[in-house]
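1. Sequence below, structure please.
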Amino acid sequence: MEFLRCGIHGFHEVLGIDADELRFYWALKSSVENSVQSAYRIVLATESKLLEVAEPDVSTLAWDSGRVESNEQRNVFCKPNGGFKSISSYFWQVRVWDNAQQVHYGPVQHFFTGYPRSRLLPPYSMNQTYMPHSSLIFRTWFEDEASRWKAVWIGDGGDKPIYLRKSFQLAKQPTRAILFASGLGHFNMSVNGQPASNHRLDPGWTNYHRRVQFTSYDVTSHLSAGENALGAHVGNGFYAGDKGDDRFFWPMYEDNTYVRYGNELCFFCELHLFYDDGSHDTLISDPTWRVRKSATTLANIYASETHDRRLYPNNWDAPKFDDSEWGPAKPLTGPRGHIFYQTQPPVVLHETFEPVKTYTPEDGVVCFDLGQNASTMVQLVLEGASGSEVIVRYSETVKEDGTVLMPDPLFKEFETGVFSRIYLAGTGKPEIWEPDFSFTSARYIQVEGVSLTPGKGLPVVHSVVGRHISSAARRLGTMKTDKEDCNSLLNACYWTFNSNLFSYHTDCPQIEKFGWLEVTHLLAPATQYIRDMESLYTKILDDILDTQEPSGLVPTMAPEIRYMCGPLHDTITWGCALCFLPDILLRYYGSTHVISRVYPAAVRYMEYMQTKERRGGLIEHGLGDWGRDIAFGNHQANIETAIYYRCLQCVEMMARELGKMDEAEKFNQWAARIYKVYNQHLLVTDDSSRPYAYYTSLDNYPERDRTAIGQAMALQFGLVPAEHNKDVMAAFVDDCSDGRIRAGEIGLRFLWNTLADAKRPDLVLQMARQEEHPSYMRFLRRGETTLLEFWQDECRSKCHDMLGTIYEWFYAAVLGLKPVANAYRTFEIDPPYEAEFDFVEGSVDSPYGLIEVKFQRDAKRIVTLDLRVPFGTSATVKIPVNVKEVEVTREGSAKILLGGEDLKVDHGNYKIVIQSS
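-> Model prediction:
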């Protein structure tokens with residue numbers, strides 16, 4: 001038995017944990033048939049050497065689960081007496097016993113704590129003469145020295161990007177050096193002239209009035225005895241959004257002032273140094289740091305920066321740099337939000353896209369086609385005279401001459417007002433420029449004021465590349481088929497999804513960049529095949545909790561940077577993410593760590609929604625099936641009420657997890673009431689013109705309609721009485737039979753899922769392949785490489801993921817892989833026996849390990865299925881009823897089974913040959 005990975009639920013990185021309770025998980029593999037984990041033990045200590053013995057002295061441990069007879073590998077609760085100590089290393093190890101009672105030792109894991117019980121930086125008086133920060137009135141702030149923050153917010157008091165540095169001496173090399181830091185809006189941290197990490201856009205965007213994240217870096221290898229230097233480059237982000245004089249910035253009020261959380265860019269850090277003699281030193285941000293304005297004079301997060309290479313102080317973040325002309329840093333009040341460790345994955349750079357085409361549409365303008373639309377930070381290599389001005393523009397669409405285009409006339413400002421301006425230093429050597437604090441979505445890069453070759457009196461552009469920027473969340477899945485158009489659609493979905501994951505889930509990395517909440521739950525079942533989203537969803541829930549209003553209302557976005565009105569602010573199909581995400585974390589990751597803090601807020605949201613009930617329980621207030629006919633509201637009663645019903649079930653689940661059985665029963669009865677009202681008003685059983693019962697919307701009441709979405713919502717949310725299931729499915733198929741998509745963003749996912757239940761892949765593919773919109777393949781035939789916002793040829797946004805729910809259908813209904821029990825403890829393989837596919841191959845690195853599926857069908861219609869089932873899980877392989885014989889081979893051992901029954905298998909590698917009669 002071998003350990004694949006171990007971790008802590010809800011934390012991507014673990015160098016600043018500030019919680020007093022944790023939940024551990026681990027994944028195993030074993031080639032021994034019928035092997036199972038029969039027991040586990042987790043031991044936790046403050047020194048790794050204490051775990052090096054088979055039987056550690058319990059008195060030396062910080063926590064010990066003891067031997068637990070269980071096959072659980074996830075959600076194992078840990079809470080030491082008194083919580084975790086601040087600024088301390090902890091080491092933990094999992095030991096498991098198999099069913100032969102042989103013990104297996106996992107690798108020793110390490111995490112480092114921040115300040116679990118301190119959420120604010122200490123006060124720093126602006127009047128040191130009469131009220132120094134060490135005066136008696138502040139005494140209680142400084143009593144628990146070991147458990148409090150010591151750094152102070154610093155800056156220059158302005159709202160333009162700054163450099164901050166601190167030079168310091170070390171008498172000897174530390175054995176461990178952990179750096180905590182935060183800069184608002186975003187910051188880049190360096191140590192002795194080298195990046196402290198591969199992070200970009202630290203810290204994650206939050207509601208800075210409520211919550212500010214800090215990040216942490218292990219910089220032990222960066223430091224040495226003698227002089228050292230810390231450097232921080234701080235830019236605006238959304239915290240102090242900067243439009244500049246001529247740029248686009250989306251979060252604007254009606255009076256053309258722009259939304260910002262604060263007016264002073266600020267930074268803090270603590271460097272914790274540990275030595276082999278047990279001593280511990282702390283270096284903090286304070287007024288002894290030095291500051292100056294950045295060579296990046298505008299940092300507008302919408303890919304609009306201004307950078308003057310002539311102003312760049314070479315080696316400014318390295319030792320021995322002369323900062324005598326820099327000013328002293330000013331202590332600042334900083335934001336109002338409490339300080340929390342950054343739990344979600346950092347934003348990092350991934351693939352690099354080299355241009356597939358370079359062309360010059362006119363003198364002085366060079367354009368680059370990167371071949372793939374994606375979220376990107378570009379990098380340019382330029383050479384030219386001092387003071388030469390270069391303009392860089394970004395686009396997802398181009399005109400006939402190849403220059404950038406915003407096709408939506410309402411958003412022309414994005415074509416003209418999103419660009420970066422660079423002034424060259426003129427060093428006589430190639431100069432590299434890349435944005436410090438901004439990103440966009442682009443396939444086309446247009447560089448103005450340059451040429452491709454010297455001798456034209458213009459700077460020369462040597463190269464341009466796009467560097468994909470996205471969340472560092474672990475990548476999980478791949479899939480391909482024998483149909484190239486389907487592979488292209490899978491690729492477009494993949495790049496669209498990946499391009500919308502940052503410190504939040506947006507639906508568009510180009511124009512809006514906002515944290516719209518509907519995509520978090522609608523796309524979760526698809527995204528969980530691509531990325532490990534557990535820690536990102538954990539952070540998104542924190543954003544939602546911070547955004548919830550006193551009335552209980554959950555707005556449509558979190559963080560909420562731009563106040564929307566009416567149903568654009570208050571819609572349950574967006575706000576339901578508060579209730580849905582804990583259920584998603586349980587179903588896909590086997591984790592309940594968020595429930596205790598989400599439950600009270602979810603209860604308040606349901607109490608708020610109760611005030612919106614009509615006709616005894618229907619919800620008819622909201623955006624309906626948003627995105628149908630662009631932004632047409634419809635099916636409010638069907639969609640909003642079904643979501644309301646599901647929210648109540650999720651809240652019931654949370655109550656049961658917390659042991660609140662009386663409250664759980666209350667929500668069970670509440671949901672039952674909504675079920676009854678839903679069917680009372682929407683289910684039609686007396687229409688003599690139809691041969692079946694069906695659901696109508698109330699869009700044109702009292703006129704009855706019979707739409708696929710009306711049927712799909714009832715079927716997918718379990719709202720159909722059992723005696724009418726067959727009828728409602730028939731009504732659904734009737735409305736789909738022409739192969740045309742009639743669904744908006746919300747209904748689309750449930751359309752695909754119901755077609756999967758109906759076993760109609762032919763209709764799904766017919767819809768996807770339509771010549772005219774709505775059609776996915778029309779996008780691809782026109783050369784698009786990502787999904788568009790609406791079913792239009794020329795859209796304002798061409799990297800919008802909200803229409804991407806068909807990706808879930810491909811994995812669940814074509815690859816045939818669907819989780820059944822929480823975290824894939826059991827899962828189903830239902831290959832596309834009746835679809836047009838003769839070859840499908842894919843994999844998902846599930847919470848318990850890698851699942852691999854390979855489906856092949858030959859000319860004689862004999863199906864060969866290669867399957868890998870991870871340790872600790874079991875799979876049910878669906879077998880068609882007309883099968884004569886099934887040959888199952890596991891690790892070289894074969895057996896023959898008769899057809900007619902589904903096949904259940906435990907962990908191992910299988911070859912399954914299915915021969916129809």
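
2. ok, longest strand in this structure?
-> Secondary structure of the chain per DSSP state E: the longest strand is strand 365-383.

3. which other helices and strands contact that one?
-> Contact here means 3 or more Cβ pairs under 8 Å, 6 or more residues apart in numbering; DSSP states H and E; on that basis strand 365-383 packs against strand 347-353, strand 357-362, strand 389-395, strand 431-433, strand 440-448, strand 460-471, helix 484-498. Every residue, glycine included, has its C-beta placed from N, CA and C.

4. Please identify the most buried of those.
-> Of all the helices and strands packed on strand 365-383, strand 440-448 has the most neighbours on average by mean count of other Cβ atoms under 10 Å, namely a mean of 24.

5. quick one: that strand to strand 357-362, angle?
-> Using axes from the mean of the first three to the mean of the last three Cα atoms, to 10 degrees, the direction of strand 440-448 lies 50 degrees away from that of strand 357-362.

6. quick check: angle from strand 440-448 to strand 389-395?
-> Using the same axes, to 10 degrees: strand 440-448 against strand 389-395 is 140 degrees.

7. Okay, now the sheet partners of strand 440-448, with direction.
-> strand 365-383 (antiparallel), strand 389-395 (antiparallel) (DSSP bridges).

8. which residue packs closest to Thr376, ignoring adjacent ones?
-> Gly466 (4.2 Å; Cβ to Cβ, 6 or more residues apart in numbering).

9. and that neighbour, bridged to which residues?
-> Bridge pairing for Gly466 - DSSP bridges - gives Phe353, Val378.

10. so Ala299 makes contact with Phe437?
-> Yes. When contacts are counted by Cβ atoms under 8 Å, Ala299 is listed as touching Phe437 (4.1 Å).

11. Neighbour count for the two, which is higher?
-> Ala299 (29 against 25; other Cβ atoms under 10 Å).

12. And whichever strand or helix holds that one, what does it pack against?
-> Per DSSP states H and E, Ala299 falls inside strand 296-300. Contacts defined by 3+ Cβ pairs under 8 Å, 6+ apart place strand 296-300 against strand 226-235, strand 304-308.

13. Would you format those strands as TSV with mean neighbour count, distance to Gly244 and mean pLDDT included?
-> Output for those, formatted as TSV (neighbours: other Cβ atoms under 10 Å; distance: least, Cβ to Cβ, whole Å; pLDDT from 0 to 100):
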stretch	mean neighbour count	distance to Gly244	mean pLDDT
strand 226-235	22	13	98
strand 304-308	23	7	97
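
14. closest one to Asn668 among those?
-> For Asn668, the closest of these is strand 226-235, at 50.0 Å, according to Cβ to Cβ.

15. hang on, the earlier thing: okay if I get the helices and strands packed on strand 296-300 as JSON lines plus distance to Leu522?
-> Below are these laid out as JSON lines (distance: least, Cβ to Cβ, whole Å):
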{"stretch": "strand 226-235", "distance to Leu522": "32"}
{"stretch": "strand 304-308", "distance to Leu522": "30"}
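
16. Quick check: the gap between the residue nearest to Thr376 and Glu351.
-> 9 Å (Cβ to Cβ, to the nearest Å).

17. Now do the shared contacts for these two.
-> Ala374 (Cβ atoms under 8 Å, 6 or more residues apart in numbering).

18. Please enumerate the shared neighbours of Ala299 and Phe437.
-> 161, 185, 235-237, 305.

19. Which of those residues sits closest to Trp316?
-> Pro161 (12.9 Å).

20. which residue packs closest to that closest one, ignoring adjacent ones?
-> Closest to Pro161 by Cβ to Cβ, 6+ apart is Ser294, at 3.7 Å.

21. Run a quick neighbour tally on the one you found.
-> A count of nearby residues for Ser294, using other Cβ under 10 Å, gives 24.

22. follow-up on the earlier one: need the strands paired with strand 440-448 in CSV with distance to Arg309 and mean pLDDT, can you?
-> Formatted as CSV, those follow (distance: least, Cβ to Cβ, whole Å; pLDDT from 0 to 100):
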stretch, distance to Arg309, mean pLDDT
strand 365-383, 9, 98
strand 389-395, 10, 97
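
23. Go through those and name the closest to Val905.
-> strand 365-383 (38.2 Å).

24. Now do the SS call for Leu50.
-> Of the three states, Leu50 takes helix under DSSP: H, G, I helix; E, B strand; the rest coil.

25. for it, what are its contacts?
-> Listed by Cβ under 8 Å, 6+ apart, the contact partners of Leu50 are 56-57, 60-61, 91.

26. quick one: which of these is nearest to Leu22?
-> Of all the contacts of Leu50, Phe91 has the smallest distance to Leu22: 13.4 Å, by Cβ to Cβ.

27. Can you tell me the element the closest one falls in?
-> strand 89-98.

28. returning to what we had before: mark which of the contacts of Leu50 are buried, thanks.
-> Taking 16 or more other Cβ atoms under 10 Å as the criterion, what is buried in the contacts of Leu50 is 56, 61, 91.

29. picking that back up, mind exporting the C-alpha coordinates of the longest strand of the chain to PDB?
-> What follows is strand 365-383, C-alpha atoms only, in PDB (Å, rounded to 0.1, in the frame of the first residue of the first chain):
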ATOM      1  CA  VAL A 365       1.800  48.200 -36.400                       C
ATOM      2  CA  VAL A 366       2.600  44.600 -35.800                       C
ATOM      3  CA  CYS A 367      -0.100  42.000 -35.000                       C
ATOM      4  CA  PHE A 368       0.300  38.600 -33.500                       C
ATOM      5  CA  ASP A 369      -2.200  35.700 -33.600                       C
ATOM      6  CA  LEU A 370      -1.500  33.400 -30.600                       C
ATOM      7  CA  GLY A 371      -3.800  30.700 -32.100                       C
ATOM      8  CA  GLN A 372      -5.700  30.200 -28.800                       C
ATOM      9  CA  ASN A 373      -7.900  32.600 -26.900                       C
ATOM     10  CA  ALA A 374      -7.200  32.400 -23.200                       C
ATOM     11  CA  SER A 375      -6.600  34.400 -20.100                       C
ATOM     12  CA  THR A 376      -3.200  35.800 -20.500                       C
ATOM     13  CA  MET A 377      -0.300  38.000 -19.400                       C
ATOM     14  CA  VAL A 378       1.700  38.900 -22.400                       C
ATOM     15  CA  GLN A 379       5.500  39.200 -22.600                       C
ATOM     16  CA  LEU A 380       7.200  41.500 -25.100                       C
ATOM     17  CA  VAL A 381      10.900  41.800 -26.000                       C
ATOM     18  CA  LEU A 382      11.600  45.200 -27.500                       C
ATOM     19  CA  GLU A 383      14.600  47.200 -28.500                       C
END
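
30. Show me what counts as buried in that strand.
-> For strand 365-383, using 16+ other Cβ under 10 Å, the buried residues are 365-370, 372-380, 382-383.

31. Report the inter-axis angle for it versus helix 484-498.
-> 50 degrees.

32. What's the separation between the residue nearest to Lys456 when sequence neighbours are not counted and Gln446?
-> Computed as Cβ to Cβ, 6+ apart, the closest residue to Lys456 that is not its neighbour in sequence is Asp363, at 7.7 Å. Counting by Cβ to Cβ, the gap from Asp363 to Gln446 is 14 Å.

33. what about the closest residue to Cys493 other than its chain neighbours, which SS state?
-> Computed as Cβ to Cβ, 6+ apart, the closest residue to Cys493 that is not its neighbour in sequence is Tyr807, at 4.0 Å. At Tyr807 the chain is in helix, as set by three-state DSSP.

34. isn't Tyr807 right up against Pro525?
-> No. Assessed by Cβ under 8 Å, Tyr807 is found out of contact with Pro525, at 9.1 Å.

35. Neighbour count: these two, which is higher?
-> The residue with more neighbours, out of Tyr807 and Pro525, is Tyr807; 27 against 21, by other Cβ under 10 Å.

36. residues contacting the more buried one?
-> Shown in contact with Tyr807 (Cβ under 8 Å, 6+ apart): 490, 493-494, 497, 526, 529-530.

37. thinking again about what came up before, got the contact list for the residue nearest to Pro161?
-> Residues in contact with Ser294 (Cβ under 8 Å, 6+ apart) are 160-163, 233-235, 311, 436.

38. what do you get if the cut-off is 10 Å, keeping everything else the same?
-> By Cβ atoms under 10 Å, 6 or more residues apart in numbering, the residues touching Ser294 are 160-164, 233-235, 265, 307-308, 311-313, 316, 436-437.
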